[in-house]
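> Sequence and computational prediction follow.
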Amino acid sequence: MKRGTPEHPKIMELAEAVHGYLASQGISLPFETCQTLACGLFERLCHFTARYSPAGDIGKHSNIRIALAIGWKFDTDWLLSTLEHCRILDAMSNGARWYVHDWHDHSDDAADKWLHDKQLSYANGMPTRRGKKSRLGHDVVTTESRQSEPSSEPEPKPEPEPKPPDAARAAPGETIPPQMMPLANFPKPPFEPPAPVTPRKPPAPQQPSRVPLPPELAAAPFPAAWSEWISYRRDRRLTLREKTLEKQLEVLAPLGPTRAAECIDTSIRNGWQGLFPERMSVRSRAAPSMAGATYDPHAAERDPDHGTF
């Protein structure tokens with residue numbers, strides 16, 4: 001719908017006619033509602049014409065067909081005569097009966113192009129616009145008509161793009177800058193094969209140094225326990241540095257060979273990473289044995305402190 005259609009005098013006249021007709025039928029509607037109804041009738045009339053009568057000869061359809069297409073369910077003869085009275089439809093002398101007023105100007109570009117492609121004209125004899133209309137409502141000058149008009153100014157010729165100078169066409173003694181030199185003339189660097197990749201060797205396992213055992217731990221069973229401790233630390237990838245082993249021997253020396261071997265066994269059994277001799281110095285007190293004891297019900301009475309507080 002074009003701008004200004006709701007306030008157009010023809011739409012206002014159609015709204016007044018619709019308002020009076022509905023009032024005579026016992027239907028009371030505000031005038032603003034009838035104005036909106038008139039806009040809808042006109043808009044649907046344009047859509048129906050562009051789709052099924054692109055030449056504007058909408059009168060070739062029956063009155064009932066036109067009324068149903070634009071959404072009018074009352075008297076169809078009254079509707080068509082009212083549209084003609086409001087100058088929305090123009091009467092025609094041929095069999096088309098009605099032609100949409102100025103359809104050759106108000107039709108959309110699709111209907112105009114369809115008629116132009118079929119080499120047809122509008123029903124009132126007007127030729128097609130042969131192109132889209134501009135936003136101002138004037139016809140756009142097509143390329144064909146523009147070429148036919150004589151032009152006073154000569155058309156500018158496009159300037160050829162500058163080509164980069166070739167080394168073969170360079171003058172003697174002329175130096176071509178690198179950014180202007182063709183890619184094919186650039187000197188290629190000599191091919192250098194990639195250096196072979198040397199695979200990394202896995203780190204060598206730690207070899208414990210010969211740490212002498214102190215005299216306090218030279219007796220059995222400590223030497224065997226110490227060899228087991230060295231194997232245990234190697235499997236767990238713990239350090240086997242000479243200084244670390246010397247410090248461990250210094251801690252185990254006060255325990256003696258037997259208790260030092262028990263300390264190593266305890267660490268291996270619990271999965272510890274170090275040695276904890278301080279846990280071997282605290283011995284749990286053994287509970288008094290009750291084997292062979294009998295129950296004496298009068299033992300408490302023989303206690304000298306029994307009954308005193």
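Alright, I've got the coordinates. Numbering: from 1, shown residues only.
> Next up, phi/psi of the most centrally placed residue in the chain, please.
Nearest to the geometric centre of the chain sits residue 110, at 37.2 Å (Cα atoms, centre = their mean). Residue 110 adopts backbone torsions of phi -70, psi -40, taken as degrees, to the nearest 10.
> can you pull the contacts of it?
Shown in contact with residue 110 (Cβ atoms under 8 Å, 6 or more residues apart in numbering): residue 50. Every residue, glycine included, has its C-beta placed from N, CA and C.
> pLDDT value on residue 27, please?
Per-residue pLDDT puts residue 27 at 91.
> quick check, it in a strand?
No: per DSSP: H, G, I helix; E, B strand; the rest coil, residue 27 lies outside any strand segment and is coil.
> Need the phi and psi values for it.
phi -110, psi 110.
> For it, give its distance to residue 64.
Distance of residue 27 to residue 64, given as Cβ to Cβ, to the nearest Å: 21 Å.
> what does residue 58 give?
From residue 58 to residue 64 the distance is 13 Å (Cβ to Cβ).
> Show me which of those two is the more surrounded one.
residue 58 (25 against 11; other Cβ atoms under 10 Å).
> nearest residue to that one other than its sequence neighbours?
residue 49 (5.1 Å; Cβ to Cβ, 6 or more residues apart in numbering).
> Check what contacts the helix or strand hosting that neighbour and list those residues.
Per DSSP states H and E, residue 49 falls inside helix 31-52. Residues outside helix 31-52 that contact it (Cβ under 8 Å, 6+ apart): 1, 5-6, 11-12, 14-16, 18-19, 22, 29, 56, 58, 61, 66, 69-72, 83, 88, 100, 103, 106-108, 110-111.
> Residue 77: what's it in contact with?
Contacts here follow Cβ under 8 Å, 6+ apart; on that basis residue 77 touches residue 63.
> One more: residue 19?
Residue 19 neighbours (Cβ under 8 Å, 6+ apart): 29, 31, 34.
> which of those residues are buried?
Neighbour counting with 16 or more other Cβ atoms under 10 Å marks residue 34 as buried within the contacts of residue 19.
> Would you mind measuring the gap between the ends of stretch 247-266?
End-to-end span of stretch 247-266 (Cα to Cα, to the nearest Å): 18 Å.
> which of the residues in it are buried?
Buried, per 16+ other Cβ under 10 Å, within stretch 247-266: 248, 249, 251, 252, 253, 255, 257, 260, 261, 262, 263, 264.
> go on, stretch 114-122?
114, 115, 116, 122.
> can you list contacts of it?
So stretch 114-122 is contacted by 54, 55, 56, 103, 104, 107, 127, 128, 129, 130 (Cβ under 8 Å, 6+ apart).
> Next, count neighbours for the residue nearest to the first one when sequence neighbours are not counted.
Spelled out, it's residue 54. Spatial nearest neighbour of residue 54, chain neighbours left out: residue 111 (3.9 Å); criterion: Cβ to Cβ, 6+ apart. Around residue 111 there are 22 other residues, counting by other Cβ under 10 Å.
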